[in-house]
Every structure is written in structure tokens, then in C-alpha cells.
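Undergrad: Okay, sequence plus prediction incoming.
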Amino acid sequence: MSMPSSGARFAGMLGSGTTAAARAVSVRMAGGGLELRMEGEPRTQVWAYEDLQSSVPLRSDAGDVLLSRKPDGVETLFVADPSFASLLLARAPALSPARQRWQGLKPGLAVLAAVVAIVAGLWSLDLHPAKAMARVMPLHSRQVLGGAVVASLAKDRKVCETPASRAALDRLTKRLVGAASDKPVPLRITLFDWGLVNAFAVPGGQIILTRGLVQLAGSPDEVAGVLAHEIGHTLELHPEAGIIRLVGLSAATQLAFAGSSGTATNVGVLLTQLRYSRIAEREADAHALRILKGAGISAKGFGDFFERLEAKNPSAATVPEIQVLSTHPVTAERIALVRAQPAYAATPALSAEDWRALREACGPAPARPQAPATSPRTASTQTPAPSPAPAPAPAKSDPQADREIAEATKALETNPKDIAALQKRARAYARKNQHEAALADYAKAVDLKPGDATLQYGRGTALQNLHRYEEALGAYDATLRLSPSHSNARNNRGNVNRVLKRYDAALLDFDEIIRTEPGFVHALYNRGLVYREMNRLEEAVRDFTAAIAQDKAYTAAYASRGLTYEKMGNRDKAVEDYRAALALPAKYNNGTWAHTTARDHLKTLAADTL
């Protein structure tokens, strides 16, 4: 495959540094610097090569580049193109690891030499050099690094804290830490108003917990299980070791001993995408089970949360995107490990009052959504015509779903009005693509409890999967009347309106989600689909580009942007996006569609040039 020349244009995102907004720009390497051209603006910005700075040393094989400018470094430029870094280094060699290492490590050079000697010895013995270096970092340095990472991630998000929620979280922290170690473990857990469903440890004994996770969880025991797992990562110094593996030995040493807030800011973003090894996850799971037992908290909640995540994306090996615990792959093996734990005396992780205070720390908690047959946040990539009698999808083999159906059926034989059993069986039927059966159970449950937003939502997803779109809209309307902040119902309603070509109604839903949850990447993607179908192509490109900026592995966003560029007559950009889609794994439920579409269109474009 031919590589772009230094005169080629690259797609980038320009951030102001003062808000979360970013603008799409076209980037070209000129003689004196990078030329940045924004859509709709005649003037061109020039970033001189000598003024460029990168918080992390730039390697020629880097898949993406994050730059700012001296002296203030406020504006940022992000380019996700595997050929950009090597071309840039030829023009701006000061960004190379060798140059930045020398400048950044001068204040801590003596310490670096000692650490390198230790780690080199360990490396020669094949002993875990990243963890070895993490262990020789002074606690104060790890805490400073962790504080900078937390500050960088939280600059556009508020801390969710009321006196009652802080007290509840402190009580839970004390209970877990008391069972974690005989020695004092400095630990602080902070809850952020962040729709991301995640919790992750950062260096220095700090754990970030998000609103999305707390509001998805069905009980305080589920949150306690996740936090115990994160404490396990903290005890093993996995965050520190992960940073060393991410940015390299020299940059990590600069962080710990020379101090670089810019690098800490970038590492904060990288931490949210860090995927631990199976060994690290097993270590954290083992700590979690030990801590939960020592604290007298049932491990069942830990397993329940794993299964809840699996239900949100049952066909994927990991839970969806960065939006749902991207740092923690959920596997049947891990669920089985938790379920195999022997029973022991346990009490709830939090009282009912404390749990309510934690759930409402960021505001009134929405009704907890139930998982449909496909991930609720996974955008539909095709626009099927409404059909009163669609061909049924083939049933999926799912032994766990079969067990759940059998268990629920047995419970319903005893009590036909058992709403929990109806809901459990409906969810299991949906995972097997048996949507008629799922709908029947949801309908019975709704009749028994019509004011339950979760049941109304489940009924809507079953109707949508059966292409009974008007009825699905009615179910989603009922869900949103009961729970106006139910983003999944709003997203699904927008998709149904798009299928029905009611574009104005669809835009209203996606606009509202993006306004209240800017990190809901699929709403951006779905709005882009609406704009493309409305032939508002520039706006479609903008939304697909914004979705890619949030999730650079969003396979379908590349393919859909390629289709849009092709529709605009921009063959070169379409080819770039199709190739990018094929270079990525088939992420999300629409990933396979993206691969097929990109491959077919590349063949067509190639044939047209013959």
C-alpha cells in the first residue's frame, strides 16, 4: 500500500483547550509548518515546526498524534493516521523520543540512571520490569502523578458529592480497605458526573467512579464488587505499571521524577483505554473476592454486575467501547469464578439510605435500563424499510440463556405473576433472538406493573427487533414519560424515527442526548446517519468525525464517513476511510457491516479506475 506524501492532507480535530468542543480541520505539511484549514473558513493557520510540542515522545510508528504549541500549549491538534507521525518527525525531529528524553530527564537524571540499572537487571532475568519500576517509584511521586491524571480527566466534569453521598462512599471505602490489607492503604474514591460506565484505578491509591456505573448497577453490592476489583489493581500497582508500558520507560521516569503535567494530561486519557492482561485481571479478581469476603459483602453482586455487562453486549468478547468498562474484559471464565465462591455470612455493602444517597449524588437517578437483544447504545447501520412481518432472525445458541429460561419458567410455574422471573426470561429470550417470546413476557410484566420504565423499555426493544415500529415508539414514549433521562430509550426512539424517515423527530432525540451526555458516542454516530439520509452531508461528516475523535476504533463510523465522502464525490477521502475501517477489528454490532461495506466499495472504486 502506498504511503501518503508529506504534501498530503490529513483529517484532524482542533481543540480549543478551554471547552470540550473540537473542530474538524484539514492538515497539510508545508515548508514552514503544519497548515490547518477549517471547513467554512478561508484563512489557514500555520503551526511552525519549531513550536510544536507533544506531551508524550513521538514515535514514527505511532497510530495517532496529539500536539500543542509553545509557549502556552492551550490549543490541541489530534490526528489519527498511522502515516502522519513518521512524516512529521522528518520535519520536526525535536518531537522524537531521543530529543524529548534528554530535555525532560535532566532534572532527574541521577534517579533515572539508578532506576534504569535496576530495571535492566530485572529485564535480563525476565522478571516484570514495568511492575519493578512501579515499585521503586516513591509514594509521593505516584500520588502526584495520580492527582494530575484525575485533574486532567475531571477538568470538564463535576465531582458528584453531597454530605450524605461522601459519608456513604467513605463508609464503603473504609469497609473494603480494612479487609484489603493489614497495613494502611491510602485510598480515595471520587465519583464524577460522567455517563461513561466505568471505574478505574489511577496511580497513588486513587479510584475514579462514574455516574454511569453507579446508575447502571442494580445494588450497592455490585458497586462494592467493582471497587474491590479496582483496589486489587491498586495493591498490585497495575495503573503505574500500565503507564510505563503505555509511554515507555523514559517518559514514565520523566513523569515520576521530572514532573510533566502535559504528559500526565495525555496519560489520563490513555488510562481510560488501558486494557490489562489476563494475569492482571485474575490478580485483581482474586483480591476482589478476598476483600469482599473479609468485608462481609456478598460476592454475588460482583457476578451480577459482570452478567449485567454481558447482557448489554452479549455477542462481544468485551463490553462495549470505552462507554462500558473498556478496561475490563468480561468473560464466562470470570463469571464462573465468582459464581463458584462458597457462601458466607454477609450484609449489604450499604444501607438503603446510603445507597440512595450515592445513586442520587449527581442528581435523580434514571430508571435502570434493561438490555435488549442488541447493545442499546450500538447504532444501527442500515435503514430497513418498515415491515409488518419481517423475517425472524435465526436463534442464537446461548447455554447460559437456556439455563435462565429454565429457571424463570420453573419460578413462573409456582407464581405466574413473578415480575422478576418474567423479566429475566424475556431478557434471555432476547439474547437468543427469540423476540416474539421476549415480547410476550414483557407484555405480561407491563400489565402487572405499567409504571415500571425498565419493563416499558424492554417491551420497546422487543417490538423494535420485530420491526413493529409504531408500537415500539409507543413503548419508548411511555418509558420517557416515566423516566425522562432514560438515554437508551431516547436513542432507540431516534433510531426508529430514522427508519420511518421522520428525521426531524429523530434529530430532536439525538440532539437532546448529545446535549446532556456528550460522551454518548453512538448518538453522534446516529445523528450523522440522519444527516446523511437528509443529504446534509457536511453535517454528517462533522458528526462521524466527532464520533471517531471520541472512539478512534469505531469501525462503522469510518465506513459511514467513507460513504458520505463518496456521495460528496471525494473519492480519495472515501478510500482512506474504507481502508481505516478494514484495518480495525469489527467493533460493536455494526462492525461486520462496516467491514463488508468498506470492502465492497473499495472494489467498486478500484474497478471504476480501470
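TA: Great, that's in hand.

Undergrad: Going along the chain, name the strands of the stretch 201-350 of the chain.
TA: 206-210 (DSSP state E, counting those that start in this stretch).

Undergrad: in it, what spans have low per-residue confidence?
TA: Counting by pLDDT under 70, the ranges of the stretch 201-350 of the chain that qualify are 243-277, 309-332.

Undergrad: all helices of it, in order?
TA: For the stretch 201-350 of the chain, applying DSSP state H, counting those that start in this stretch gives helices covering 211-216, 220-235, 238-247, 249-253, 261-271, 278-295, 300-312, 332-339.

Undergrad: got a markdown table for those, with mean neighbour count too?
TA: Using the backbone N, CA and C atoms, a C-beta is placed for each residue, glycine as well. Listed next are the helices of the stretch 201-350 of the chain as a markdown table, based on neighbours: other C-beta atoms under 10 Å:
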| stretch | mean neighbour count |
| --- | --- |
| helix 211-216 | 23 |
| helix 220-235 | 26 |
| helix 238-247 | 24 |
| helix 249-253 | 23 |
| helix 261-271 | 20 |
| helix 278-295 | 19 |
| helix 300-312 | 22 |
| helix 332-339 | 15 |
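
Undergrad: for those, which one sits closest to Phe78?
TA: helix 261-271 (10.0 Å; C-beta to C-beta).

Undergrad: Strands along the protein, start to end?
TA: 9-15, 22-29, 33-38, 44-48, 52-53, 65-69, 76-79, 188-192, 199-202, 206-210 (DSSP state E).

Undergrad: Just the angle for the first one relative to strand 65-69, thanks.
TA: Pointing back at strand 9-15 there. Put simply, strand 9-15 runs at 60 degrees to strand 65-69, going by axes from the mean of the first three to the mean of the last three C-alpha atoms, to 10 degrees.

Undergrad: strands paired with strand 9-15, and their directions?
TA: strand 22-29 (antiparallel), strand 76-79 (antiparallel) (DSSP bridges).

Undergrad: pLDDT (mean, whole number) over that strand?
TA: The average of the pLDDT scores along strand 9-15 is 83.

Undergrad: cool, and the second one?
TA: Along strand 22-29, the predicted local confidence has a mean pLDDT of 84.

Undergrad: Any buried residues in that strand, and which?
TA: By neighbour count on 16 or more other C-beta atoms under 10 Å, the buried set for strand 22-29 is Ala22, Arg23, Ala24, Val25, Val27, Met29.

Undergrad: Let me know the closest of those to Ala336.
TA: Ala22 (42.5 Å).

Undergrad: Give me the neighbour count for Glu512.
TA: 17 (other C-beta atoms under 10 Å).

Undergrad: Would you mind giving the helices of the stretch 201-350 of the chain as CSV with distance to Pro93 added?
TA: Output for the helices of the stretch 201-350 of the chain, formatted as CSV (distance: least, C-beta to C-beta, whole Å):
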stretch, distance to Pro93
helix 211-216, 42
helix 220-235, 37
helix 238-247, 19
helix 249-253, 17
helix 261-271, 19
helix 278-295, 36
helix 300-312, 45
helix 332-339, 46
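
Undergrad: Go through those helices and name the closest to Asp64.
TA: helix 261-271 (10.9 Å).

Undergrad: of all the buried residues of strand 22-29, which comes closest to His140?
TA: Ala22 (34.6 Å).

Undergrad: hang on, the earlier thing: figure out which of the strands paired with strand 9-15 is closest to Lys424.
TA: strand 22-29 (42.3 Å).

Undergrad: From the recorded domain assignment, give the ranges for this structure.
TA: Following the assignment in automatic domain parsing, the chain carries domains at 9-95, 108-359, 518-610.

Undergrad: For the last one, give the mean pLDDT please.
TA: Rounded to a whole number, the mean pLDDT of domain 518-610 is 89.

Undergrad: for that domain, the distance to its chain's centre please.
TA: The chain centroid and the centroid of domain 518-610 are separated by 19 Å under C-alpha atoms, centre = their mean, to the nearest Å.

Undergrad: just stretch 451-468 next, same as before
TA: 25 Å.

Undergrad: Check which residues of that stretch are buried.
TA: For stretch 451-468, by 16+ other C-beta under 10 Å, it's 452-468.

Undergrad: rewinding a little: and of the strands paired with strand 9-15, who's closest to Leu14?
TA: strand 22-29 (4.7 Å).

Undergrad: Any chance you could list what contacts that closest one?
TA: Residues from elsewhere that reach strand 22-29 (C-beta atoms under 8 Å, 6 or more residues apart in numbering): 6-16, 34-39, 77-79, 84, 87-88, 91, 541-542, 545-546, 549.

Undergrad: Equivalent analysis for stretch 531-541, please.
TA: By C-beta under 8 Å, 6+ apart, stretch 531-541 touches 24, 39, 383, 498, 501, 503, 528-529, 543, 560-561, 563-565, 567-568.

Undergrad: how far does that stretch stretch from start to finish?
TA: Across its full length, stretch 531-541 reaches 9 Å between end residues, using C-alpha to C-alpha, to the nearest Å.

Undergrad: do stretch 177-191 as well
TA: 17 Å.

Undergrad: again, but for stretch 412-427
TA: Stretch 412-427 end-to-end distance (C-alpha to C-alpha) = 15 Å.

Undergrad: Give me the residues contacting that stretch.
TA: Under C-beta under 8 Å, 6+ apart, the answer for stretch 412-427 is 311, 370-371, 404-405, 407-409, 411, 437-439, 441-442, 444-445, 448-449, 452, 454-455, 458, 462.

Undergrad: Thank you kindly, that will do.
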